[in-house]
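In: just need the structure, nothing else, for what follows:
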Amino acid sequence: MRVLVTGSNGFIGKHMTKALLKAGYEVLPYDLDKTEQDLINYVKEADFVIHLAGINRPLTNEEFYNGNTNFTKKVVDLIKENKRNIPVIMSSSIQAALDNDYGKSKKMGEDFLFESGLPVYVFRLANVFGKWCRPNYNSAAATFMYNIAHNLPIEIRDRNYVVHYNYVTDIVNTFIECVKGNIKPSKEVLSVSPVHDCSLGRLADTLNCFKNAVESDEHLPLIKDEFELKLFISFMDYLSDEGYSFNYAEDARGSFEEIYKSKKYGQISINKSFPGITKGGHYHTYKNEIFMTVKG
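Out: Alright, predicted model coming up:
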């Protein structure tokens, strides 16, 4: 199956592309480096569209409507002009329910999809966080993570202000379930679960605890819940030394994912093993390791 991903070079797009390729799909990546003819060709070839492209930090309000509304209409029009009745996922925003230009531009894009007659999935996402999220652009969480990791100040006007968060991997996994056909198209607005609610004060305190723990002799913080584990995995991406590549492997025994590397502090990874499985079968002449059983 060929999947067209618009906004493939963006934050969610990078995760989406990687996950689709890993799942065995062929990805048709469209972003600003491609031409309109590329988009036309991709629409003709695609079996599924994941529409992630959009604008959330424009120089003018007009860019909201060009990037979010008009481009969505262009994608829909191209699909219909080429007589392709292919499913479309749109990443909208919870701000589509608000009266601001960003929200209104997203809502208009949603309406084009719902009125298209195509099989569609319109997901209103909360504030998205995760690895590769761009600080001072994508979300306050990314800005907090980057600044705390690099010993820069953060600004909090109201510590009690609660923000609703989606984790990027939860989004990607939900979208792949749509591609697989396990979630059916809907005439209603959809959401990605779980949504994590966190105050700005708790977010800052948790990230500072992560920083202090990693720099201590213990190296690992105490992770209290699923949300903190997702924050920790994300935060490690900003704390890691420059120039490292991170490995991920998965087979019938489970999976192994590196989430942090540092010349000074070593490495942190997540190792998942299925019941009854034994891993290892090797030894090290010298190694200092700390194991924390998160679940099981």
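
In: the strands in the stretch 151-296 of the chain, which residues?
Out: Secondary structure of the stretch 151-296 of the chain (DSSP state E, counting those that start in this stretch): strands at 162-167, 189-190, 196-199, 248-251, 254-262, 266-273.

In: which of those sits most buried?
Out: Highest mean neighbour count among the strands of the stretch 151-296 of the chain (mean count of other CB atoms under 10 Å): strand 162-167, with a mean of 19. Any C-beta I mention is one placed from the backbone N, CA and C, and that applies to glycine too.

In: just checking: what are the partner strands of that strand?
Out: strand 127-129 (parallel), strand 196-199 (antiparallel) (DSSP bridges).

In: could you dump it to CSV, C-alpha only?
Out: What follows is strand 162-167, C-alpha atoms only, in CSV (Å, rounded to 0.1, in the frame of the first residue of the first chain):
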residue,chain,number,x,y,z
VAL,A,162,-3.3,23.3,32.6
VAL,A,163,-2.3,22.2,29.1
HIS,A,164,-3.8,19.1,27.3
TYR,A,165,-1.1,16.9,25.6
ASN,A,166,-1.0,14.2,23.0
TYR,A,167,2.2,12.1,22.7
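
In: what's the spacing between it and its chain's center?
Out: 12 Å (CA atoms, centre = their mean, to the nearest Å).

In: pull the residues that contact it.
Out: Strand 162-167 has contacts (CB atoms under 8 Å, 6 or more residues apart in numbering) with 94, 125-130, 140-141, 192, 195-200, 203, 227, 230, 234.

In: which stretches in the stretch 101-250 of the chain count as helices?
Out: 101-114, 140-149, 168-180, 200-214, 226-239 (DSSP state H, counting those that start in this stretch).

In: out of those, flag the one nearest F256.
Out: helix 226-239 (13.8 Å; CB to CB).

In: tell me the buried residues in the closest one?
Out: The neighbour-count check on helix 226-239 (16 or more other CB atoms under 10 Å) flags F227, E228, K230, L231, F232, I233, S234, F235, M236, D237, Y238, L239 as buried.

In: could you do stretch 21-41 as well?
Out: Applying 16+ other CB under 10 Å to stretch 21-41 flags Y25, V27, L28, P29, Y30, K34, L39 as buried.

In: got the contact list for the fifth one?
Out: Contact analysis of Y30 by CB under 8 Å, 6+ apart lists L4, V5, T6, G7, S8, D38, L39, Y42, A53.

In: for E26, give me its contacts.
Out: M1, R2, V3.

In: quickly list what it is bridged to.
Out: Beta-bridge partners, per DSSP bridges, of E26: R2.

In: hmm, back to that, with pLDDT and distance to Q267 added, can I get the buried residues of helix 226-239 in JSON lines?
Out: Converted to JSON lines, these look like this (pLDDT from 0 to 100; distance: CB to CB, whole Å):
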{"residue": "F227", "pLDDT": "96", "distance to Q267": "23"}
{"residue": "E228", "pLDDT": "95", "distance to Q267": "20"}
{"residue": "K230", "pLDDT": "95", "distance to Q267": "19"}
{"residue": "L231", "pLDDT": "95", "distance to Q267": "19"}
{"residue": "F232", "pLDDT": "92", "distance to Q267": "14"}
{"residue": "I233", "pLDDT": "90", "distance to Q267": "14"}
{"residue": "S234", "pLDDT": "93", "distance to Q267": "17"}
{"residue": "F235", "pLDDT": "92", "distance to Q267": "15"}
{"residue": "M236", "pLDDT": "87", "distance to Q267": "10"}
{"residue": "D237", "pLDDT": "85", "distance to Q267": "13"}
{"residue": "Y238", "pLDDT": "88", "distance to Q267": "16"}
{"residue": "L239", "pLDDT": "81", "distance to Q267": "12"}
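
In: measure L220 to I148 for me?
Out: For L220, the distance to I148 (CB to CB, to the nearest Å) stands at 17 Å.
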